[in-house]
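J.: any chance you could fold what I've pasted below:
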Amino acid sequence: MSIMGQSIEAVKTILVANTTINYDFTGYFDDFVAEEYPAICAEPDTGQSLLGNGLNFNYDDGGRVKVYYVEEAPENRDMTAFITKVDSLVEIIKQNPRLDGTLNQGVNITVKYMRRGPSDNIEFISMILIEGRNYYDNL
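T.: Have a look, this model is predicted:
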């Protein structure tokens, strides 16, 4: 499995093992339809960066995985519980900052709250961007 594939699987495994996820998908968010809630979509963003023996990075950009977390929105559209849930997902990822060794040079996590479009009022969506680097002895 590729380094990106390992990173995506590590993120999904950590989240599914530590919280309730009823549907998960790997691919582009534009192709994602949540069949059940809560749901996650793990999207590869760029190639993974690698640190070689000479301490030089062989990369164009850091390795990034976008995780879209989607819940059905309540009728009153209050996001308080959703924001609390997203904060807990970030904490779960922070508790395993090496993501099972796939991002073993540390990670940076950014959260963005978003909407699909002005006519879509049934879902709350957040994008959790996870960035990091890898060190491998065999480069």
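
J.: give me the number of residues near Met4?
T.: Met4 is flanked by 17 other residues according to other CB atoms under 10 Å. C-beta here means a position set from N, CA and C on the backbone, and glycine is covered the same way.

J.: now swap in Lys85 and tell me
T.: Counted with other CB under 10 Å, Lys85 comes out at 17.

J.: residues contacting it?
T.: Neighbouring residues of Lys85 by CB atoms under 8 Å, 6 or more residues apart in numbering: Pro38, Tyr69, Glu71.

J.: one more pass at 10 Å, please.
T.: By CB atoms under 10 Å, 6 or more residues apart in numbering, the contact list for Lys85 reads Thr19, Thr20, Pro38, Tyr69, Glu71, Met79, Phe124, Ser126.

J.: quick one, helices of the chain?
T.: 3-18, 80-95 (DSSP state H).

J.: would you turn those helices into TSV with mean pLDDT?
T.: Formatted as TSV, these follow (pLDDT from 0 to 100):
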stretch	mean pLDDT
helix 3-18	87
helix 80-95	94
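
J.: and Ala42, which of those helices is closest to it?
T.: Ranking these by their distance to Ala42 (criterion: CB to CB) puts helix 3-18 first, at 4.7 Å.

J.: quickly list what the residue most central in space within the chain is bridged to.
T.: In the chain, the centroid-proximal residue (CA atoms, centre = their mean) is Val67; its distance is 2.7 Å. Counting by DSSP bridges, Val67 is bridged to Ala42, Ile128.

J.: tell me how far it lies from Ile3.
T.: According to CB to CB, to the nearest Å, Val67 and Ile3 sit 17 Å apart.
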